[in-house]
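> Sequence first, then the predicted structure, then my questions.
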Amino acid sequence: MTAEAIKTPEGPPSSITERTVAGRQARTRGLLLAPAMLVIGVFGILPLFIALTYSFLEGGTYGGVEWVFSTEAYVQLLFERDIFEETLTFNTAYLEIFWRSFLLAAFSTLACLLIGFPAAYFMATRPAKSRDFWVFLITIPFWTNLLIRTFSIQLILRDEGVINIVLTELGLLAQPLQLIYTDFAVGLGLIYSFLPFMVLPIYAALERLDFRLVEAGFDLYATRAQVLRRIVVPLAKPGIVAGSILVFIPGLGAWITPELLGGGKELMIGNMIALQFGSSRNWPFGSAAALVLMAMVLVALVIYVRNVGKSGADHG
Amino acid sequence: MTKVFGGGTDVVRALDGVSLGIQENEFFTLLGPSGCGKTTLLRLIAGFEQPSGGEILLDGASLTHLPPFRRPVNTVFQSYALFPHMTVIDNIAFGLEMRGLSKTETADHVAEMLDLVKLSDLGKRKPGQLSGGQQQRVALARALANHPRVLLLDEPLSALDLKLRKEMQIELKRIHRDTGITFIFVTHDQGEALTMSDRIAVMNAGHVLQVGSPTEIYEHPTSHFVADFIGETNFLEGEVVARDGASAKVRLSSGVERQASAPKDAAAAGRVSLAIRPERVTLSQSRQTGALNGRVETMVYFGTDTNYHLRLEDGRAFMVRLQNHEGAQAPFATGDEVAVEIADHALQVLRD
Ligand SMILES: Nc1ncnc2c1ncn2[C@@H]1O[C@H](COP(=O)(O)OP(=O)(O)O)[C@@H](O)[C@H]1O
Ligand SMILES: [Mg+2]
């Protein structure tokens, strides 16, 4: 066929066809995205917007809000207002809660990493056939409600719990150890709840790892520790980053775990926020605290991904 | 040396009583079809696998129970196995750093290696930004940087296209000459093995069938498998009538008697298989009594040569390769009755 033969019949109409094809593609894309956009809009952005609005209003006496602009909620995070003298004194109570939450979440993330990495490595180095079985084992805890699992930890840790009874019966303890309602209990609960979220992404990264690279490391005189540090960990970094984020963020906002294992004594941010919408009836303050928490998470994420994620993200 | 994988009913004898002696500074090739145990043998030498039986000696000292990082042996992996998160320079420097060389020494060695494989401009790139041939060179440089006593290369060229492969074959030979390191090279490509090696070990199904120089392997294959696997071969039947060391007098079915080369352990009398290369015979017009007579069935023109596919009187296929001395003027045509003339010592007696 000659060039003209191709051009003549399709010359002018082809641009029209192209346009309609492009238009149809755009419409299809829009339709496909619509459900996700709707969900994000209604359940993500709208509530955020409501919280933002509420945080700048005055609280109603029996909950709810008065439609009066106020920055009181944010002031309250840092200062205590004396009702009679109208003076502000610096108050670290809420900051401490934030700080403790941050420490607990960071600690449990680290602990999950230290426990989860070897577990994931073990799973990824099993023969291909048995790996699915190990993944299955890791997901078993999800079959039971988190609340019930947390209650069972309570049963283990409390004064009349398994640990204390056994230790007392053995004569190792005169008095029961105070295990429950401590930071230790909360940390343990967080690690237990979120460990799978650390193991699975790291496993996914390690499963894709080409183990010939490990052999190449040994071939080039690296010891086991050096292979781990110089080859395995850097290549598993995307999984480590994902796992850390998946543990840290829910850990920071955890509610059930500190509620049941901290016994209301060891408050975390989640409990404090819940309290404001419940018995404290201070919706603006609760909204402000929630937004500050979110801002903290965002900042932490950006810093973390900038520093740790860098070398892991730019290959492959 | 023996290597058995698996247990119970699911046993693979990947290597079965393999014994090889490799000289210092040699370009030694393991040649065999896929699955014959070449990689397994390299992995045993490198230390990634432990032998089920046998020993590996280097200068008389046993390497058998040393971990890979204590062996003065480096590997160029089949798929290169470059570290994707490191630059070319960091890849090459890895082994040197692990051995605790100083920063300046490492930098010197790396520069020298980049120069050797002609990649000096690409040191800052990551493996993902290199072509297959360049990755191959990095893998080579990374292994050679440590000046190993033995370099193991597992089908290093199999992923490259033909032109690049030819270039790298020449490069490898040059590097082998320049460094003076012993190379153990694995390939399933007989042409590659013949052009590059000082000596070749032909393997099949976990056994080494023959070890020798490329000419020994090509001209004097001792077994049916080796004759068939390397180059093109015609097989004939014959009878040994006299035997004298490495040569034997054989009588072909047509009655002609010829001197043939024979391996020492081949049958001293009786019926034997014979191999003959298609370029070692000549053709003459018309049948002759007492010769191998046949008819030209097809002709395949190759430019330099033409292959004549014959059907012999006894029904066997037989191929003859003739150089096109006369250019386009072919001396024979399809359908011609011809006689195959075999010179003394062109036939090879096979063990099996
Ligand atoms: N890790 C292993 N487990 C079980 N069988 C293996 C293993 N490695 C290799 N084999 C088997 O050993 C034989 C030789 O394999 P290999 O050395 O890779 O062959 P080649 O490199 O010559 O293609 C094959 O049959 C292969 O299936
Ligand atoms: Mg192989």
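Now that the structure is in, tell me what you want to look at. Ligands and ions are numbered 1, 2, ... in the order given.
> Quick check: closest non-adjacent residue to residue A:280.
Spatial nearest neighbour of residue A:280, chain neighbours left out: residue A:286 (7.8 Å); criterion: CB to CB, 6 or more residues apart in numbering or on different chains. Quick note: C-beta positions are derived from backbone N, CA and C, even for glycine.
> what do you get for residue A:98?
Of all residues not flanking residue A:98 in the chain, residue A:269 sits nearest, at 6.1 Å (CB to CB, 6+ apart).
> how near is the one you found to residue B:246?
For residue A:269, the distance to residue B:246 equals 90 Å [CB to CB, to the nearest Å].
> What of residue A:95?
Distance of residue A:95 to residue B:246, computed by CB to CB: 95 Å.
> next one: residue A:285
As for residue A:285, its distance to residue B:246 is 101 Å (criterion: CB to CB).
> Looking at these two, which has the bigger crowd around it?
residue A:285 (25 against 13; other CB atoms under 10 Å in any protein chain shown).
> and the strand or helix carrying the more buried one, what other elements does it pack with?
Applying DSSP states H and E as the criterion places residue A:285 in helix A:283-304. Helices and strands touching helix A:283-304, by 3 or more CB pairs under 8 Å, 6 or more residues apart in numbering or on different chains; DSSP states H and E, are helix A:46-55, strand A:57-59, helix A:72-78, helix A:93-124, helix A:233-252, helix A:269-277.
> Quick one: residues contacting residue B:149.
Contacts of residue B:149 were listed using CB atoms under 8 Å, 6 or more residues apart in numbering or on different chains, and they are B:58, B:72, B:73, B:181, B:182.
> my guess is the first one contacts residue B:150, does it?
It refers to residue B:58. Yes - using CB atoms under 8 Å as the test, residue B:58 is close enough to residue B:150 to be in contact (7.3 Å).
> How about residue B:126, nearest residue that isn't a chain neighbour?
With CB to CB, 6+ apart, the residue lying closest to residue B:126 is residue B:87, at 5.9 Å.
> again with residue B:138
residue B:88 (5.3 Å).
> that's a helix at residue B:50, yeah?
No - Residue B:50: not assigned to a helix; according to DSSP: H, G, I helix; E, B strand; the rest coil it is coil.
> Tell me how far it lies from chain A.
14 Å (CB to the nearest CB, to the nearest Å).
> mind checking how far that residue is from ligand 1?
12 Å (CB to the nearest ligand atom, to the nearest Å).
> biggest strand in chain A by residues?
strand A:65-69 (DSSP state E).
> Run the angle between that strand and helix A:46-55 for me.
For strand A:65-69 against helix A:46-55, the angle by axes from the mean of the first three to the mean of the last three CA atoms, to 10 degrees is 70 degrees.
> Compute the number of surrounding residues for the nearest residue to residue B:321 once chain neighbours are set aside.
Here the nearest residue to residue B:321 in space, its sequence neighbours aside, is residue B:278; by CB to CB, 6+ apart that works out to 4.1 Å. As a burial measure, residue B:278 scores 18 neighbours (other CB under 10 Å).
> tell me the two of the contacts of residue B:149 that are most distant?
Spatially, the most separated pair among the contacts of residue B:149 is B:58 and B:181, at 12.9 Å (CB to CB).
> Give me the common contacts of the two.
Joint contacts of residue B:58 and residue B:181 (CB under 8 Å, 6+ apart) are B:149, B:150.
> any residue of stretch B:33-42 up close to chain A?
No - judged by CB under 8 Å from any CB of the partner chain, stretch B:33-42 and chain A are separated, with a smallest distance of 10.8 Å.
> how far off helix A:283-304 does the longest strand of chain A point, in degrees?
Using the same axes, to 10 degrees, strand A:65-69 lies at 70 degrees relative to helix A:283-304.
> Output the contacting helices and strands for strand A:65-69.
Judged by 3+ CB pairs under 8 Å, 6+ apart, strand A:65-69 is in contact with strand A:57-59.
> Validate this expectation: residue B:340 resides in a strand.
Yes - membership of residue B:340 in a strand is supported by three-state DSSP.
> What is the neighbour count of it?
So residue B:340, with other CB under 10 Å, has 22 neighbours.
> That one: what's it in contact with?
By CB under 8 Å, 6+ apart, the contact list for residue B:340 reads B:281, B:282, B:283, B:291, B:292, B:293, B:294, B:310, B:312, B:318, B:320.
> Tabulate those residues (TSV), appending neighbour count and secondary structure.
Shown next, in TSV, are the contacts of residue B:340 (neighbours: other CB atoms under 10 Å in any protein chain shown; DSSP: H, G, I helix; E, B strand; the rest coil):
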residue	neighbour count	secondary structure
B:281	20	strand
B:282	14	strand
B:283	17	strand
B:291	18	coil
B:292	25	strand
B:293	18	strand
B:294	25	strand
B:310	24	strand
B:312	17	strand
B:318	20	strand
B:320	25	strand
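> of these, closest to ligand 1?
residue B:318 (31.4 Å; CB to the nearest ligand atom).
> Identify the residues contacting the closest residue in space to the closest one that isn't next to it in sequence.
Leaving out its chain neighbours, the residue that sits closest to residue B:318 by CB to CB, 6+ apart is residue B:310, at 4.5 Å. Residues in contact with residue B:310 (CB under 8 Å, 6+ apart) are B:294, B:295, B:296, B:297, B:317, B:318, B:319, B:320, B:338, B:340.
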